[in-house]
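Asker: Build the 3D model from these lines:
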Amino acid sequence: GERLVLEMKVRNRSFLPLVWLDVILPAGHKAYIRQAGEQETSWFLLGRVAEPQAGIRERFVWLLWQQEIAWEEELDTLRRGVVELAGAGLQAGDGFGLSARERWYSFPAPLRLVIWPKLVPVSVRPFLRITQEAVAASRGQTEDISLLKSSRPYQPGDSVKRINWRLLAGTGRMEVNRYETVRPGCTTFLLDLVSFRQKVKREGSQGTYEEVVPMEPEREQMISLVASCMEALSGQGLCVALVIPEYQEHEAVICIPGQEETAADQCMEALARIDYQKEDTRFPYEEFWQAVHRLGQICICTRTDQGSSFDELAEHLGRSRVRYLALERQQADNGEFDWMYAENLCERPDGDPGI
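Answerer: Numbering: from 1, shown residues only. Here you go, the predicted model:
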């Protein structure tokens with residue numbers, strides 16, 4: 001919904017003038033961008049590409065020899081995604097069209113345009129309240145007793161709750177457990193992509209059958225909500241992280257918070273790259289458990305409050321580490337875990353959170 005500006009430059013290296021020149025930038029098989037002010041997307045068939053691609057075109061008349069033209073190309077962004085511009089199609093010739101030629105010019109390095117999900121006004125007070133409570137209780141850090149880090153010999157004053165009783169019974173050595181430190185000031189968003197598909201009944205020549213179809217509007221609404229919450233939390237100076245399970249040829253994503261200011265931008269790019277339809281997903285458990293002590297509070301993002309594919313993971317992490325975020329409220333009793341809903345986070349135009 002916003003505009004993107006490209007600075008472009010073309011130069012005629014020939015010793016002859018060009019009566020006309022078309023510069024065409026193909027931008028993929030989906031309409032992510034189009035020239036500002038245009039009502040329709042332009043499609044082009046260049047080179048050996050089997051299917052037409054959406055793109056932009058600029059036409060120049062009378063480009064003299066060794067002449068260089070620079071301009072700013074304004075583009076309207078139509079949907080989130082990542083556009084790879086590998087080169088430009090060049091078409092040139094005389095005014096009669098008798099000597100028209102076409103060639104492909106590859107850029108020295110591909111140009112990548114990252115279109116973030118649509119950001120909407122949100123209230124992140126529920127996230128801030130959890131973070132403030134955790135920080136006040138533990139000075140910014142806490143320990144996760146489910147993640148054993150190491151052990152050390154017992155010293156006077158150590159809590160008996162930390163004694164490794166199994167080791168004491170087996171070897172007679174008294175040692176205390178040391179656990180991984182958790183940063184409660186971080187909020188990690190875990191996307192339950194499988195929840196954004198459903199089975200529908202179809203009528204065919206063989207009778208009634210079920211087909212799995214994607215729920216694209218709901219999926220895009222959740223991605224937009226997650227992006228908006230991450231942007232708002234980053235604006236409050238808090239760390240954010242993102243976990244996306246693996247599907248089809250797309251590898252799993254675990255964006256871990258760091259000291260770099262680009263950490264939030266990396267999460268936004270990962271959200272922009274999501275191309276999930278209805279495939280089965282695979283969760284990166286090994287990488288997740290290695291990084292879980294740095295992920296703080298885990299927010300499982302799902303479509304409804306009637307269960308998630310990550311319920312078993314939530315049970316293992318425990319109520320102190322996990323909350324759910326759902327688009328739709330379908331049941332009153334949600335068990336032991338805390339639930340947040342899109343209607344409670346999305347703000348109205350007057351600034352009040354929706355209820």
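
Asker: Every contact and neighbour count from this point should use C-alpha atoms.
Answerer: Fine.

Asker: Any regions of the chain where pLDDT drops low?
Answerer: Within the chain, the segments meeting pLDDT under 70 span 47-49, 94-99, 129-150, 179-185, 258-262, 332-334, 347-355.

Asker: What segments of it are helices?
Answerer: In order along the chain, the chain carries the following helices (DSSP state H): 125-138, 165-171, 216-235, 263-272, 285-291, 311-317, 342-345.

Asker: now for the shortest one, which elements pack on it?
Answerer: Identification of packing neighbours for helix 342-345 by 3 or more CA pairs under 8 Å, 6 or more residues apart in numbering; DSSP states H and E yields strand 322-328.

Asker: Work out the gap between the strand it packs on and the centre of the chain.
Answerer: Centre-to-centre, strand 322-328 and its host chain are 17 Å apart (CA atoms, centre = their mean, to the nearest Å).

Asker: nearest to residue 75, of the helices of the chain?
Answerer: For the helices of the chain, proximity to residue 75 was assessed by CA to CA; helix 263-272 is nearest, at 17.4 Å.

Asker: how far off helix 216-235 does the closest one point, in degrees?
Answerer: With axes from the mean of the first three to the mean of the last three CA atoms, to 10 degrees applied, the angle from helix 263-272 to helix 216-235 works out at 180 degrees.

Asker: who's in contact with helix 263-272?
Answerer: Under the contact criterion CA atoms under 8 Å, 6 or more residues apart in numbering, helix 263-272 has outside partners 80-82, 114-117, 223, 227, 230-231, 234, 240-242, 253, 255-257.

Asker: try it again with 7 Å
Answerer: Contacts made with helix 263-272 from outside it, assessed by CA atoms under 7 Å, 6 or more residues apart in numbering, are listed as 80-82, 114-117, 223, 227, 240-242, 255, 257.

Asker: I'd like to know which of these is nearest to residue 6.
Answerer: residue 114 (12.5 Å).

Asker: Next, count neighbours for the closest one.
Answerer: Taking other CA atoms under 10 Å as the criterion, the count of residues near residue 114 is 17.

Asker: tally of neighbours for residue 26?
Answerer: The criterion is other CA under 10 Å. On that basis, residue 26 has 24 neighbouring residues.

Asker: All the strands of the stretch 101-250 of the chain, in order from the start?
Answerer: In the stretch 101-250 of the chain, strands defined by DSSP state E, counting those that start in this stretch lie at 101-115, 142-153, 175-182, 186-191, 197-204, 207-214, 239-244, 246-247, listed in chain order.

Asker: Return the list of strands paired to the longest one, each annotated with direction.
Answerer: Right, strand 101-115. The partner list of strand 101-115 in its sheet, established with DSSP bridges, is strand 81-93 (antiparallel).

Asker: neighbouring contacts of the strand it pairs with?
Answerer: When contacts are taken as CA under 7 Å, 6+ apart, the neighbours of strand 81-93 outside the stretch itself are 18-28, 32, 46, 99-107, 110-116, 272-273.

Asker: Can you select the buried ones among the residues you listed for me in ChimeraX?
Answerer: What follows is the ChimeraX syntax for the buried subset of these, where burial is set by 16 or more other CA atoms under 10 Å:
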select :18,19,20,21,22,23,24,25,26,27,28,32,46,113,114,115,116,272,273
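
Asker: thinking again about what came up before, and residue 63, which of the helices of the chain is closest to it?
Answerer: Of the helices of the chain, the one closest to residue 63 (CA to CA) turns out to be helix 263-272, at 38.0 Å.

Asker: Show me how far the closest one is from its chain's centre.
Answerer: Counting by CA atoms, centre = their mean, helix 263-272 is centred 5 Å from the centre of its parent chain.
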